[in-house]
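> Build me a model:
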Amino acid sequence: MTLRSLTMPKWGLSMQEGTVGPWSVQEGATIAEGDELVDVETSKIVNTFEAPFAGHLRRIVGREGETLPVGALLAVFGPADAAEEEIDAFVSDFQARFVPQDEEASSALESVQVAIGEARALRAVIAGVGEPPVVFLHGFGGDLDNWAAVQSALASSRRTVAIDLPGHGGSAKILTGAAPADLAADVAHALDALDIPRAHLIGHSLGGAVALAFALAHPERTESLALICAAGLPGGRLDSGYLDGFLAARRARDLAGVLSQLFADPAFATRELAESVLKARRLDGAEDALAAIRRAMDSSAFAIESARLGSLQAPLLIVASARDQIVGAPDRASLPAHARLIVIEDAGHMPHAERPAAVIAALRAHLG
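Numbering: from 1, shown residues only. The predicted structure is shown next:
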């Protein structure tokens, strides 16, 4: 086994650097893929960097408190018997060759505005190559950056497209309708504009309901479907108190308290995250659009009957979290026989933020 570098990840289009937090492991430790290594703080969130591969942690290079650019060396993995001089040389060579990417050079992620009608467009971030692509749809009040860690991982082997749903992020705030089927119709228009006739769909929470509505309306365009803590599944629930609290909060401190309900570890609900969400809500039309979608969540159109779920022919993965306070877990007995259900421990409603390695592993197995 040769020496391998662990580098500062890129979580989202806007991320240019991260601050190293506490390490959860020590030099010399034997690491399994998915083990928690170190906290990394960005301008939007504190996330735990999980091991992308297994091996021996021979040298920690990025020290707690250091702010490092994307791609900078965090640690060195290698054989337990590798000489210290060999590791010294590896680190020196990496540092001598490393050139931080500027904003223009980080174009592995491409941000585009996709027209879906007169004066309406959806923001999308595209990365990777390979057909059919993977399309990510985020949850209520979120945006496509929620998928940053997962999209970056899957883009290494296939084309990925993360979309801001109508009313969210950089997408149009004028809605043609607020039900999942209406939002799914806008997603279909966006895929048409991107010349994507067929795709793997991955949806979280509200995005799960939208992805499911798309699959039911367009089975011929659905290569596979993955629903992560999706709203509207049989046996699940929807915490109306969280949704109403989200819309009512006007200060970052108050919103951070609401957002803490999304995570098993409330430390993920940082003030910076709350301020970022509030900033997005203050865009013209955003509050009205979110309120309309919130009202639609109380309608019968939001819940999917078991029979309709069973009509899906595409491969179906359902990911639930053991500590999800927002939608709970679906009724296993009401799921189609061909559905694969995975429950992630030690995660709340945002497992792709709290336990990204587990979600990435499940998605890779699902996508094949």
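> CA only for contacts and neighbour counts going forward, please
Fine.
> So what pairs up with residue 161 in the strands?
Residues in a beta bridge with residue 161, per DSSP bridges, are residue 126, residue 135.
> tell me, how many neighbours does it end up with?
24 (other Cα atoms under 10 Å).
> same check, this time on residue 35
The burial count for residue 35: 20, using other Cα under 10 Å.
> Pull the contacting residues for it.
By Cα atoms under 8 Å, 6 or more residues apart in numbering, the contact set of residue 35 is 50-51.
> Any regions of this protein where pLDDT drops low?
1, 12-14, 44, 101-108, 301, 305-306 (pLDDT under 70).
> try 80
1, 10-15, 43-47, 99, 101-109, 156, 299-307 (pLDDT under 80).
> Next, the buried residues of stretch 128-141.
Buried positions in stretch 128-141, judged by neighbour count with 16 or more other Cα atoms under 10 Å: 128, 132-141.
> How about stretch 196-209?
Neighbour count says stretch 196-209 has 196, 198-209 buried, by 16+ other Cα under 10 Å.
> Do you have the helices of this protein handy? List them.
Applying DSSP state H to the chain gives helices spanning 84-97, 148-154, 180-193, 206-217, 240-248, 252-259, 271-281, 286-296, 306-310, 351-354, 356-367.
> From the contact counts, what lies against the last one?
This means helix 356-367. helix 148-154, helix 351-354 (3 or more Cα pairs under 8 Å, 6 or more residues apart in numbering; DSSP states H and E).
> Could you dump these into a markdown table with mean neighbour count and distance to residue 231 added?
Formatted as a markdown table, the helices and strands packed on helix 356-367 follow (neighbours: other Cα atoms under 10 Å; distance: least, Cα to Cα, whole Å):
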| stretch | mean neighbour count | distance to residue 231 |
| --- | --- | --- |
| helix 148-154 | 22 | 20 |
| helix 351-354 | 24 | 14 |
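> and those helices as JSON lines, adding distance to residue 240?
Shown next, in JSON lines, are the helices and strands packed on helix 356-367 (distance: least, Cα to Cα, whole Å):
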{"stretch": "helix 148-154", "distance to residue 240": "27"}
{"stretch": "helix 351-354", "distance to residue 240": "20"}
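> Which among those is found nearest to residue 262?
Counting by Cα to Cα, residue 262 lies closest to helix 351-354 out of the helices and strands packed on helix 356-367; the figure is 9.3 Å.
> hmm, who's touching that closest one?
47-48, 146-147, 149-150, 263-264, 268, 321, 344, 347-348, 358-360.
> how close does residue 138 get to residue 169?
Distance of residue 138 to residue 169, computed by Cα to Cα, to the nearest Å: 10 Å.
> contacting residues for the residue positioned nearest the centre of the chain?
For the chain, the residue nearest the mean C-alpha position is residue 147 (2.2 Å; Cα atoms, centre = their mean). Shown in contact with residue 147 (Cα under 8 Å, 6+ apart): 12, 136, 138, 162, 352-353.
> Could you save those as CSV and add columns showing distance to residue 94?
Shown next, in CSV, are the contacts of residue 147 (distance: Cα to Cα, whole Å):
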residue, distance to residue 94
12, 24
136, 34
138, 36
162, 32
352, 30
353, 29
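> Which member of the residues you listed is positioned nearest residue 237?
Nearest to residue 237 among the contacts of residue 147, with distances taken as Cα to Cα, is residue 138, at 18.2 Å.
> pretty sure that closest one is touching residue 209, no?
No: counting by Cα atoms under 8 Å, residue 138 stays clear of residue 209, with 10.1 Å between them.
> in the stretch 1-150 of the chain, which spans are strands?
Listed in chain order, the strands of the stretch 1-150 of the chain (DSSP state E, counting those that start in this stretch) span 4-7, 17-23, 30-31, 36-41, 46-50, 55-60, 67-69, 73-77, 110-117, 120-127, 134-137.
> residues making contact with the last one?
Surrounding strand 134-137, the residues in contact under the criterion Cα under 8 Å, 6+ apart are 144, 147, 158-165, 199-204, 207-208, 210-211.
> Pull stretch 335-352 out as CSV, backbone CA atoms only.
This file holds the C-alpha atoms of stretch 335-352, laid out as CSV (Å, rounded to 0.1, in the frame of the first residue of the first chain):
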residue,chain,number,x,y,z
LEU,A,335,-43.8,-0.4,1.3
PRO,A,336,-43.6,-2.3,-2.1
ALA,A,337,-41.9,-5.6,-2.1
HIS,A,338,-39.2,-4.4,-4.4
ALA,A,339,-38.3,-1.4,-2.2
ARG,A,340,-35.1,-1.6,-0.2
LEU,A,341,-35.3,0.2,3.2
ILE,A,342,-32.1,1.3,5.0
VAL,A,343,-32.3,2.9,8.5
ILE,A,344,-29.2,5.0,9.4
GLU,A,345,-28.4,5.2,13.1
ASP,A,346,-27.2,8.3,14.9
ALA,A,347,-28.7,10.7,12.3
GLY,A,348,-31.7,12.9,12.3
HIS,A,349,-33.7,14.3,9.3
MET,A,350,-30.5,15.3,7.4
PRO,A,351,-28.5,12.0,7.2
HIS,A,352,-26.7,13.3,4.1
